[in-house]
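S.K.: Here's a sequence, model it:
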Amino acid sequence: TLKISATNLELGIECFVDADITKQGTITIPGKKFASVVKELTDEIQIETNRDNIFVKSGKADLRIVGMPRDEFPRINVNTDFVVTISQKNMKEILEKTSFSMSTDDTRYILKGVYLSLDPEYLVSVATDGKRLSYIKTEIENSSGAKKKVVIPAASVTELKRILGDKGDVKIAIDDTHVTFICDSIHVVSKIIEGNYPDYEQVIPKKTNIQLTLQKDEMLNILKRATYFTSEDNRRIHIKINKEGIWIKAKSVEFGEFEEKIDGTANIDKFDIAFSMDFLLQVVKHLDQEKITFEMNSPDKAVVIKEGMNQLYLIMPMKMADNDE
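M.R.: Residues are numbered from 1 along each chain as shown. This is a model prediction of the structure:
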């Protein structure tokens, strides 16, 4: 077996590849350049190493790549004290349905990742940037019973979403500074974001008195059309309820105005609210249910969209523009 390791000191990955080994050897090489070269080789690859070089033969190609001694490569400490085992497909879906709400603001570093909270029965995943929030609560069966809380950095979340597949399980281990994911032949070790994650539950409304229900597919198609009538400076999308029905509107100084009626039901006769097009579109794209219900109290308070009992999205509305009708 050939072991390939890479790290940037924040994230480390080990990959095990089937190979015929005639003599053991270890070397450190430039990862990106080596990967780029190997990608272009079409025949079987033969590799030999000495302390300072790696020699690659493939078909008619004969390559020498300058390397470094093994002891100059940082050690990746893989933790095998697993606290939970979950299917890769489920874990990937959890990350995909929450991570888009992570913050990109360096001044709020604790929010630049996905928060995982584990207890003996559930795994809770949360991401927020202060203007929106994604929440998923997943029942788990294979747990050590330990209670753990961790924030996984955005870069590590991105790599995990690429690595996790649709088959097999992933085992997760958590210590004070790192989180380890073991999935098949790949080990991922990530530093965690240290600090106290904010109490996200306090921003979720306990009660709402306004409900608006729309068809998901119809709304998604309308939003895709409406997005052309927004601009970088004004990404506002406007939902208006009046006696004539429910309308989705957008306006762009450069391009014009958009207005389309959408089928739906509401328990209020007159209501106006505005959202960030990007925030709303991302939530709608990640919902599986046929209908979307907006639960809210006023045009300037948090809006909740739920999928079942254990998946929730929260969006803060945008301020209504003076020329919104």
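S.K.: Which of the helices or strands spans Lys57?
M.R.: Using DSSP states H and E, Lys57 maps to strand 53-58.
S.K.: buried ones in that strand?
M.R.: Residues of strand 53-58 classed as buried by neighbour count (16 or more other CB atoms under 10 Å): 54, 56, 58. Where you see a C-beta, it was placed from the backbone N, CA and C, and this is true even at glycine.
S.K.: closest to Ser103 among those residues?
M.R.: Ile54 (40.5 Å; CB to CB).
S.K.: Tell me the confidence at the closest residue in space to the closest one that isn't next to it in sequence?
M.R.: In space, Ile54 comes closest to Ile65 once its chain neighbours are excluded; the distance is 4.8 Å by CB to CB, 6 or more residues apart in numbering. pLDDT, Ile65: 93.
S.K.: Could you pull up the contacting residues of Ile65?
M.R.: When contacts are counted by CB atoms under 8 Å, 6 or more residues apart in numbering, Ile65 touches 29-30, 33-34, 37, 53-56.
S.K.: tell me which strands and helices the strand holding Lys57 is in contact with?
M.R.: helix 31-39, strand 46-49, strand 61-66 (3 or more CB pairs under 8 Å, 6 or more residues apart in numbering; DSSP states H and E).
S.K.: in the second one, what's buried?
M.R.: Which is strand 46-49. 47, 49.
S.K.: Can you tell me what sits against it?
M.R.: Contacts of strand 46-49 (CB under 8 Å, 6+ apart): 2, 25-27, 54-58, 67.
S.K.: Out of the residues you listed, name the two that are farthest from one another.
M.R.: Across those (CB to CB), the longest gap, 20.9 Å, separates Thr26 and Ser58.
S.K.: gap between the residue lying farthest from the centre of the chain and Val38?
M.R.: Distance to the chain centre peaks in the chain at Lys60, reaching 42.5 Å (criterion: CA atoms, centre = their mean). From Lys60 over to Val38 the distance is 16 Å, taken as CB to CB, to the nearest Å.
S.K.: same deal with Arg132?
M.R.: For Arg132, the distance to Val38 - CB to CB - is 41 Å.
S.K.: For the two, work out which one has more neighbours and name it.
M.R.: Taking neighbours as other CB atoms under 10 Å, Arg132 and Val38 compare with Arg132 leading, 24 against 13.
S.K.: My read is that the more buried one contacts Leu314, right?
M.R.: Yes. At 6.3 Å, Arg132 counts as touching Leu314 under the criterion of CB atoms under 8 Å.
S.K.: Helices of the stretch 1-150 of the chain, start to end?
M.R.: 31-39, 88-98 (DSSP state H, counting those that start in this stretch).
S.K.: Check the stretch 151-300 of the chain too.
M.R.: 154-163, 216-226, 277-285.
S.K.: what residues are up against Gly113?
M.R.: 102, 127, 151-154, 156-157, 193.
S.K.: In JSON lines: those, plus pLDDT and neighbour count.
M.R.: Converted to JSON lines, the contacts of Gly113 look like this (pLDDT from 0 to 100; neighbours: other CB atoms under 10 Å):
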{"residue": "Met102", "pLDDT": "98", "neighbour count": "24"}
{"residue": "Ala127", "pLDDT": "98", "neighbour count": "27"}
{"residue": "Val151", "pLDDT": "98", "neighbour count": "22"}
{"residue": "Ile152", "pLDDT": "98", "neighbour count": "26"}
{"residue": "Pro153", "pLDDT": "98", "neighbour count": "20"}
{"residue": "Ala154", "pLDDT": "97", "neighbour count": "17"}
{"residue": "Ser156", "pLDDT": "98", "neighbour count": "24"}
{"residue": "Val157", "pLDDT": "98", "neighbour count": "20"}
{"residue": "Ile193", "pLDDT": "97", "neighbour count": "19"}
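S.K.: which two from those residues end up farthest apart in space?
M.R.: Ala127 and Ser156 (13.0 Å).
S.K.: my guess is Ile305 meets Gln289, correct?
M.R.: No. Using CB under 8 Å, Ile305 is not in contact with Gln289; the gap is 9.9 Å.
S.K.: more neighbours, the two?
M.R.: Ile305 (19 against 12).
S.K.: any idea how far that one lies from Glu194?
M.R.: For Ile305, the distance to Glu194 - CB to CB - is 31 Å.
S.K.: Likewise for Gly145?
M.R.: 24 Å.
S.K.: Likewise for Ser185?
M.R.: Ser185 is 30 Å from Glu194, by CB to CB.
S.K.: Would you mind giving the contacts of Ile65 as CSV with distance to Glu121 added?
M.R.: Output for the contacts of Ile65, formatted as CSV (distance: CB to CB, whole Å):
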residue, distance to Glu121
Ile29, 45
Pro30, 46
Lys33, 47
Phe34, 45
Val37, 48
Asn53, 53
Ile54, 49
Phe55, 54
Val56, 50
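S.K.: for these, which one is nearest Lys89?
M.R.: Out of those, the member with the shortest distance to Lys89 (by CB to CB) is Phe34, at 30.8 Å.
S.K.: contacting residues around the helix or strand bottoming out on mean pLDDT in the chain?
M.R.: Counting by mean pLDDT, DSSP states H and E, the chain has its least confident helix or strand at strand 142-143, which shows a mean of 87. The list of residues contacting strand 142-143 from outside it, by CB under 8 Å, 6+ apart, reads 83-86, 118, 120-121, 169.
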